[in-house]
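[1] Sequence first, predicted coordinates after that:
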Amino acid sequence: MKGISRRKFLKGAAILSGAAAFNVSPAFLKYGLGEQPIKWGSLHPLTGGLAEMAADQKLAVEIAIEDINAAGGVMGRPVVGVFRDTEFSGEVARRKAVELMEKEKIDLLAGALSGPEELALNDLAKKNNIFYGCYTQYMVDSKDTFHKYTFTANVTPFQSAAAGAIWAAENIKGKRWHLLADNYSWPKMFVPVYERIAKQRGADWTGVTWAPFPSTDYSSYIPKVQAVKPDVLFCVCWGSGHINLIKQLQEFGVAKDIKVLFAVSDLPWAVAAGPGKFSDIHAGMLWFWGLEKKYPATKEFNKKFFAKQKRYSAAYGCASYELTRMTLDTAKEIKSLDHAKLSKALEGHKFKYLKGETWVRPCDHDYIGEFFIVKGKPANKMANNFDHYDLVYSVSGEDAAMPCGEKGL
């Protein structure tokens, strides 16, 4: 069968609403417009340090596609997910994305979970002028990295840092703030935000205690933090280090004297740390399964996810579900898969899936919606093995977003 050229693909899948068909192969003639599936190319680090969270992403995308197809598909066509493992590598992510485009003839590209993967995929999309759906924390909203066809359903580092700092300023009497973080690029993005909000809210910023990256033992750094005597301790780390820091903060009794806030956390880390280990610790979260008490759609999603995995999804599952739904539902609404038309329609569009109303800010494509602060429960208050948190606060996405003008956009 004669496939399309990469050059034709990279011009976008403009096959509907009067646009010229980009695929005139026998397969197209065989299936016809009403049956030819729409291919959602989805990249996840299914092997490596974030494999469990990546599996949540993949399953959430599958559930989103099931929901879309149950509602009639997109313009009468079924959607299929075409998945690849990035192996937790930006270089591999880029190679697998090209494979999806050239061999699988995908219509839309989405992925992955880590910063290097995101940067590689965004660069590929930008150079080739194609759509890219970003599942991970959105870090390509600067003047140098912004791509007009890149979208997300996740927050930026600025948003997650600002949300936590706003919560601290409004809910904690003491104003001495400190940060304990791993010493690499992602946590460093949080520092100027904490400094900024501290200055705005009259807090005393006492600086950063850096742990080497990767770090799994913080026992020599926690006493340094205690010596500073902060009222609020922000923490930024991930993976196995995140899990061990949760445990060691309890072993040192830090949470009894200091309000601890993980800038971003997620369910797998609390589960791995053990029942009650998150007790009295706060965390910022894009979403968590306990929101089913507030949002019926979350309850339905939880039911479907639990039936397949016998556990609840991480927040990154929510981001993947919402990005898949909002992109394909918008394509259905405008009756087009043309990348330029789709991107234009997404800008400013309002959505409501697994939480309150969200929207895409046109100037930088930041995802504007609720960001939550949770508080960990003691073991004797947990209703089940996943019931680690209570919702204590939510911050509006617009309140926590950097103004576009400051980005040069």
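    Now that the structure is in, tell me what you want to look at. Residues are numbered from 1 along each chain as shown.
[2] which element is L261 on?
    Taking DSSP states H and E as the criterion, L261 maps to strand 259-262.
[3] Each with direction, which strands does that strand pair with?
    Partners of strand 259-262 in the sheet, by DSSP bridges, are strand 232-236 (parallel), strand 282-285 (parallel).
[4] continuing past that strand, what's the next helix or strand?
    The helix or strand immediately downstream of strand 259-262 is helix 267-273, counting by DSSP H and E.
[5] Summarise which helices and strands that next one is packed against.
    Here helix 267-273 touches helix 51-70, helix 239-251, going by 3 or more CB pairs under 8 Å, 6 or more residues apart in numbering; DSSP states H and E. Backbone N, C-alpha and C define where each C-beta goes, glycine included.
[6] ok but L180 is inside a strand, no?
    Yes. According to DSSP: H, G, I helix; E, B strand; the rest coil, L180 belongs to a strand.
[7] isn't it right up against S220?
    No. Applying CB atoms under 8 Å as the test, L180 and S220 come out as separate, 11.7 Å apart.
[8] out of these two, which sits in the busier spot?
    L180 (26 against 9; other CB atoms under 10 Å).
[9] From K344, how far off is the more buried one?
    Note on L180: its distance to K344, by CB to CB, to the nearest Å, is 43 Å.
[10] likewise D217?
    The gap separating D217 from K344 is 50 Å, by CB to CB.
[11] More neighbours: which of these two?
    Remark: of D217 and K344, K344 carries more neighbours, 16 against 11, as counted by other CB under 10 Å.
[12] Give me the three-state assignment for the more buried one.
    Under three-state DSSP, K344 comes out as helix.
[13] Next one, pLDDT for it please.
    Here, the pLDDT recorded for K344 equals 98.
[14] just the one 3 residues further on next, same as before
    According to the predicted model, the pLDDT of E347 comes to 98.
[15] Run a quick neighbour tally on it.
    Using other CB under 10 Å, E347 is surrounded by 14 other residues.
[16] cool, S219 as well?
    For S219, the tally of surrounding residues (other CB under 10 Å) stands at 10.
[17] Leaving out sequence neighbours, find the closest residue to it.
    Q248 (5.9 Å; CB to CB, 6 or more residues apart in numbering).
[18] my guess is that neighbour contacts S215, does it?
    No. Using CB under 8 Å, Q248 is not in contact with S215; the gap is 10.8 Å.
[19] Pull up the gap between G48 and M139, please.
    Distance, G48 to M139, by CB to CB: 19 Å.
[20] Between the two, tell me which one has more neighbours.
    More neighbours surround M139 than the other of G48 and M139, with 20 against 16 (other CB under 10 Å).
[21] Need the three-state assignment for the more buried one.
    Judged by three-state DSSP, the three-state class of M139 is coil.
[22] OK, contacts around it?
    The neighbours of M139, taking CB atoms under 8 Å, 6 or more residues apart in numbering as the test, are 115, 118-119, 145, 156-157, 189.
[23] do that again at 10 Å, thanks
    Going by CB atoms under 10 Å, 6 or more residues apart in numbering, M139 touches 115, 118-119, 122, 145, 152, 154, 156-158, 185-186, 189.
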